[in-house]
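In: just the structure for this:
(chains A, B, C and D)
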Number of protein chains: 2
Amino acid sequence: MARTTDPANADPLETVEALKALANPARLQIMNWLLDPHGEFSQWEPIADRDEVGVCVSHIQAKSGLAQSTVSSYMATLERAGLVRSTRIGKWIHYKRDEDMMSRLAEALRGTQRP
Amino acid sequence: MARTTDPANADPLETVEALKALANPARLQIMNWLLDPHGEFSQWEPIADRDEVGVCVSHIQAKSGLAQSTVSSYMATLERAGLVRSTRIGKWIHYKRDEDMMSRLAEALRGTQRP
DNA sequence: TTTACATATCGCGATGTGACGATATGATGG
DNA sequence: CCATCATATCGTCACATCGCGATATGTAAA
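Out: Numbers count the residues shown, from 1 in each chain, chains lettered A, B, ... in the order given. Predicted coordinates for the structure are as follows:
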């Protein structure tokens, strides 16, 4: 059996990309906001069911105060890293946390889980 | 009670620093090696009990193939981020994973834990 | 088809990181 | 004290990231 110290699951390069994406205060905060879309974005009318598709870029931009181009590229970064998934609804693109990926990442950090 | 989306424990800035430290292939691999010092560093004679104090810089350098200065500054980065702890034994400085910190970080990623 | 709006992409200057060799510090053994 | 060895710090240059405004793309509505 081939030995790897790698924690149970993922490709190290993939893991590094995910960590890079999260290693930025704004992007990390957005990911935290997406944990509770209802609570965090209650002041904006949802375009669609936030439990299903997440939150649209405009609302994330409004809440963050960053430039539109910045938010757009940040969300692209998070998506390339596999941390969020996007859905277009009308003109709005919605982003939602990929909890599977976040869990796998968390386990990769914790190291070999108890078997 | 003040509602924060922050995952149960840590200061976001601290979290970002930890993620930045891990968001590098070499540093992430070193952290993985430190999960199993015995297995990973079996080809070098331990200076001290690796379960207690971890592994010295020379051995990490030998295994990584990076320059001595690079490894030294990487270990300093990991220590500043709170991910490892250091112990001097004779002329050797040993580094050991801080599993507490790693667990807290993992939970911060996974989001609000079930209470 | 034109207009309006949401989002993406481009180009930029500023700042940070990667990784190194050279050199300094600090402990140990003669 | 002096030499040696382990580690840290410094200086450097190539390259990546930050965050922005300007502009392009794409969708929907009039």
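In: tell me which stretches of chain A form helices.
Out: A:12-22, A:25-33, A:37-40, A:50-53, A:57-64, A:68-80, A:99-110 (DSSP state H).
In: can I get the ones you listed in TSV including mean neighbour count?
Out: Bear in mind the C-beta positions are built from the backbone N, C-alpha and C, glycine included. Listed next are the helices of chain A as TSV, based on neighbours: other CB atoms under 10 Å in any protein chain shown:
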stretch	mean neighbour count
helix A:12-22	20
helix A:25-33	19
helix A:37-40	16
helix A:50-53	16
helix A:57-64	18
helix A:68-80	16
helix A:99-110	19
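In: and those as CSV, adding mean pLDDT and distance to residue B:78?
Out: Output for the helices of chain A, formatted as CSV (pLDDT from 0 to 100; distance: least, CB to CB, whole Å):
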stretch, mean pLDDT, distance to residue B:78
helix A:12-22, 95, 13
helix A:25-33, 98, 19
helix A:37-40, 97, 32
helix A:50-53, 97, 37
helix A:57-64, 98, 30
helix A:68-80, 98, 24
helix A:99-110, 95, 13
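In: could you dump those to TSV with distance to DNA strand C?
Out: Formatted as TSV, the helices of chain A follow (distance: least, CB to the nearest atom of the strand, whole Å):
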stretch	distance to DNA strand C
helix A:12-22	9
helix A:25-33	12
helix A:37-40	14
helix A:50-53	11
helix A:57-64	3
helix A:68-80	3
helix A:99-110	17
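In: between those, which gets nearest to DNA strand D?
Out: Nearest to DNA strand D among the helices of chain A is helix A:68-80 (3.1 Å), distances taken as CB to the nearest atom of the strand.
In: what does chain A have sitting close to chain B?
Out: A:3, A:5-7, A:12-13, A:15-16, A:19-20, A:22-25, A:28-29, A:32-33, A:35-36, A:39-40, A:99, A:102-103, A:105-107, A:109-112 (CB under 8 Å from any CB of the partner chain).
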